[in-house]
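1. Below are the sequence and a predicted model; questions follow.
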2 protein chains.
Amino acid sequence: MYVLLVYDIREKRVGKMLKLCRRYLNWIQNSVFEGEISEVKLKELFLKAESFLDLKEDSVLVFKSRSQQWLEKEVWGQERSQLGDFL
Amino acid sequence: MYVLLVYDIREKRVGKMLKLCRRYLNWIQNSVFEGEISEVKLKELFLKAESFLDLKEDSVLVFKSRSQQWLEKEVWGQERSQLGDFL
């Protein structure tokens, strides 16, 4: 399954979330990740995130698609993921 | 066409971009928008955004899908879009 994950969470938790998401998905921009992941692994990611997020304040959107082929990606300006390794 | 648009741009240009995107799409989270839009309207949005964005610094990702049905949305925590009208 192809997944696009976008979060909007309190600054104090951002570092932890960034680190966690990087273990499961590819960072592509600011608070945006994408990648192939199974339902089981996504559930694992959710449970780990849930342990430190405040779901009354934080927001995470996960867009799932059976395959990446249903989504065409267009980039205007910089493609941040190219910098991913240096951050 | 269903589109998911995510931007990561310099703070001084955020207000302008937010206002512009709201005229074409639905705001769903922080710097994330979604909605049905034609290629022509998307091009119009791009041209307007291009006029004030600095594409050497800013980054806008547009994920296009022929139909929203190919994407399933899951929300962890808050669904920001419910606040949209008050912002």
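-> The structure has been received and is ready for your questions. Numbers count the residues shown, from 1 in each chain, chains lettered A, B, ... in the order given.
2. can you tell me which residues contact the closest residue to A:Glu74 other than its chain neighbours?
-> Excluding the flanking residues, the one nearest A:Glu74 by Cβ to Cβ, 6 or more residues apart in numbering or on different chains is B:Val62, at 4.2 Å. No exception for glycine: its C-beta is placed from N, CA and C like everyone else's. B:Val62 makes contact with A:73-76, B:3-5, B:42 under the criterion Cβ atoms under 8 Å, 6 or more residues apart in numbering or on different chains.
3. Could I get the phi/psi values of the residue of chain A most remote from its centre?
-> In chain A, A:Gly77 marks the outermost C-alpha relative to the chain mean, sitting 20.3 Å out by Cα atoms, centre = their mean. A:Gly77 adopts backbone torsions of phi 90, psi -140, taken as degrees, to the nearest 10.
4. ok, it touching B:Ala49?
-> No. Using Cβ atoms under 8 Å, A:Gly77 and B:Ala49 do not qualify as a contacting pair, with a distance of 9.2 Å.
5. Common neighbours of those two, please.
-> With Cβ under 8 Å, 6+ apart as the test, A:Gly77 and B:Ala49 both reach B:Val60.
6. contacting residues around the closest residue in space to A:Asp58 that isn't next to it in sequence?
-> Counting by Cβ to Cβ, 6+ apart, A:Ile9 is the residue found nearest to A:Asp58 once chain neighbours are left out, at 3.9 Å. A:Ile9 makes contact with A:17, A:31, A:53, A:57-60, according to Cβ under 8 Å, 6+ apart.
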